[in-house]
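Trainee: What follows is a predicted protein model with its sequence.
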Amino acid sequence: MTSTKNKIKAQANFYAQVREFFKARDILEVQTPIAYPYPVTDPYLDAFEINYLNTKLYLQTSPEYAMKRLLAQGSGPIYQICKAFRDEGSGKFHNPEFLMLEWYRPGFSEQDLVAELNQLLKFLIKTPDLKIKTYKTCFEEKFKFNPHQISLEDLIDLNKKNNYLNIHQSSNLNLNKDDYLNLLFTHHIEKTLGQDGPMIINNFPVSQAALAKHKLVDGDWVAGRFELYYKGLELANAYDEQTDSEKLKQQFEQDLKIRKLLNLKQVPIDQELLEITDQLPSGCGIALGLDRLMMLALGLNNLQELLFFPV
Amino acid sequence: MSVVSTNEFKGGVKILLDNQPFEILENEFVKPGKGQAFNRVKIRNLINNRVIERTFKSGDTVDGADVANVIVQYLFHDGQFFNFMQPESFEQYQVSEEAVGEAKKWLKEQAECTLTLWNDKPLCVEPPNFINLKIVETDPGVRGDTSGGGGKPAKLETGAVVRVPLFIAEGEIIKVDTRKCEYLSRVKEEK
């Protein structure tokens, strides 16, 4: 049970250390609008809408689009500590309003960013060196199949035979391959990750990494996407950023199609972002859940305990 | 029948699945980085008491189960049913041996129990957490005999058997914890 004063001190110290880390590396802090004219098109992210004068604005689910526009204008490496909002339930590890640390490194490869993330974690919470495991290895170790190659039918059969998932059958279930992989990952793999120290899972399926560059690894096309896990909790999501505006446009349009199919809200596409995407420098970006990290660092096991005034 | 959405899932909520009543014990919101959200719940079947796991697509709805708890007093067994009465309303319930279940061995006249009703029909009975009962059968404990370590078995007036310290004698009244089936203490006065 942490007192309010202790919480304030611990968190203030955290913020100061994060700033010190980035200052030492000449990465500049930015603040971009929390209320932004465009939400992300991702069909599985729900943004809160607000009415501002006569316009509809969206509370950001992450500062990604705004920061990329700055990168395209030659900002160089930048970071932001800001609130993000998602219209989802609250729970042990979720809150509709949460704190994000997001930074972008033009010119960095995934390996470079992993190394920098490692330094940040050691600096903030003195963890051992990051370990790395591929998405494919996670499934091969646990279930003995290659997630990039297995078909939806085989996944369904596998679950029927072994009862890995007890899915409630409802009329509009319609689970696709990624839904099954996500369920298997969250139910049977996730909690085991990073128990001894922070762990990176990389080389996600292309279908699960909308805005990442693709690469061929061991005969499988995979995405330049990695996630950070610690004590079984997902802490960060990073990309080797897509800089081809045509590919980005296709992704946006596909998202809108899925939204339509699932009877979800249609949302406007960020035209300004599309227009400058070809000027985006190659590089990597990462979004880290700062309150989840603080929660673990303070030895709390429920996000609601970290917040000052949980709703 | 009310409809419950996954957004309302939390401990204590009663839902109907496969036509059986379940109580939600734990609800975990599962949101993969890019993908559909799910609710992973631990639920207890209120008929057979088994706990299972089920995963729901977030936003799904299920039927709520009409399950309610009433505090009742045990009256008597009429040869077929266990009879209980709600003290304020004097409403009586006849409960089958199956529904009474394990609680059967703790039922003493006037014992205050919790009766769970499903669609107004008795589903199961929970005895009081603590109850004072008379020992009807136990061996006299031999003084100085510490070899037993765990005391000796004693049969109580309601049929339950608990382990008691060696110095406890037949005919004595003891207080027991019904959940752990454990002796707690002697009771001086007849209750």
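Mentor: On my side now, so go ahead.
Trainee: List the residues that contact the residue in chain B that chain A sits nearest to.
Mentor: Relative to chain A, the nearest point of chain B is B:Pro32 (3.9 Å; Cβ to the nearest Cβ). Just so you know, the C-beta spots here come from the backbone N, C-alpha and C atoms, and that holds for glycine as well. Residues in contact with B:Pro32, defined by Cβ atoms under 8 Å, 6 or more residues apart in numbering or on different chains, are A:182, A:185-186.
Trainee: try 10 Å
Mentor: Residues in contact with B:Pro32 (Cβ atoms under 10 Å, 6 or more residues apart in numbering or on different chains) are A:44, A:178-179, A:181-183, A:185-186, A:190, A:208, A:227, A:234, B:38.
Trainee: Distance of the closest residue to chain B within the stretch 51-200 of chain A relative to A:Gly197?
Mentor: At 3.9 Å from chain B, A:Asn182 is the closest residue in the stretch 51-200 of chain A, using Cβ to the nearest Cβ. Shown here: A:Asn182 relative to A:Gly197, a distance of 24 Å by Cβ to Cβ, to the nearest Å.
Trainee: sorry, back to before: and the contacts of B:Pro32, which of them are in helices?
Mentor: By the criterion of DSSP state H, membership of the contacts of B:Pro32 in helices covers A:178-179, A:181-183.
Trainee: Can you tell me which of those residues is nearest A:Ser170?
Mentor: A:Ser170 lies nearest to A:Asp179 out of the ones in helices among the contacts of B:Pro32, by Cβ to Cβ, at 13.3 Å.
Trainee: The closest residue to that closest one other than its chain neighbours: neighbouring residues, count only.
Mentor: With sequence-adjacent residues excluded and distances taken as Cβ to Cβ, 6 or more residues apart in numbering or on different chains, A:Asp179 is closest to B:Gln36, at 5.4 Å. When neighbours are counted by other Cβ atoms under 10 Å in any protein chain shown, B:Gln36 registers 20.
Trainee: what bridges to the spatially most central residue of chain A?
Mentor: Most central in chain A under Cα atoms, centre = their mean is A:Asn237, positioned 3.5 Å from the mean C-alpha point. Beta-bridge partners recorded for A:Asn237 (DSSP bridges): A:Glu227, A:Ala287.
Trainee: can you pull the contacts of it?
Mentor: Residues in contact with A:Asn237, defined by Cβ under 10 Å, 6+ apart, are A:62, A:102, A:204, A:209, A:225-228, A:285-289, B:33-34.
Trainee: what's the answer for B:Leu17, then?
Mentor: Counting by Cβ under 10 Å, 6+ apart, B:Leu17 touches A:168, B:43, B:45, B:52, B:54, B:56, B:62-63, B:65.
Trainee: ranges for the strands of the stretch 101-250 of chain A?
Mentor: Along the stretch 101-250 of chain A, counting by DSSP state E, counting those that start in this stretch, strands occupy A:131-134, A:199-205, A:214-217, A:220-230, A:233-240.
Trainee: any chance of the ones you listed in TSV, plus mean pLDDT?
Mentor: Shown next, in TSV, are the strands of the stretch 101-250 of chain A (pLDDT from 0 to 100):
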stretch	mean pLDDT
strand A:131-134	98
strand A:199-205	97
strand A:214-217	94
strand A:220-230	96
strand A:233-240	96
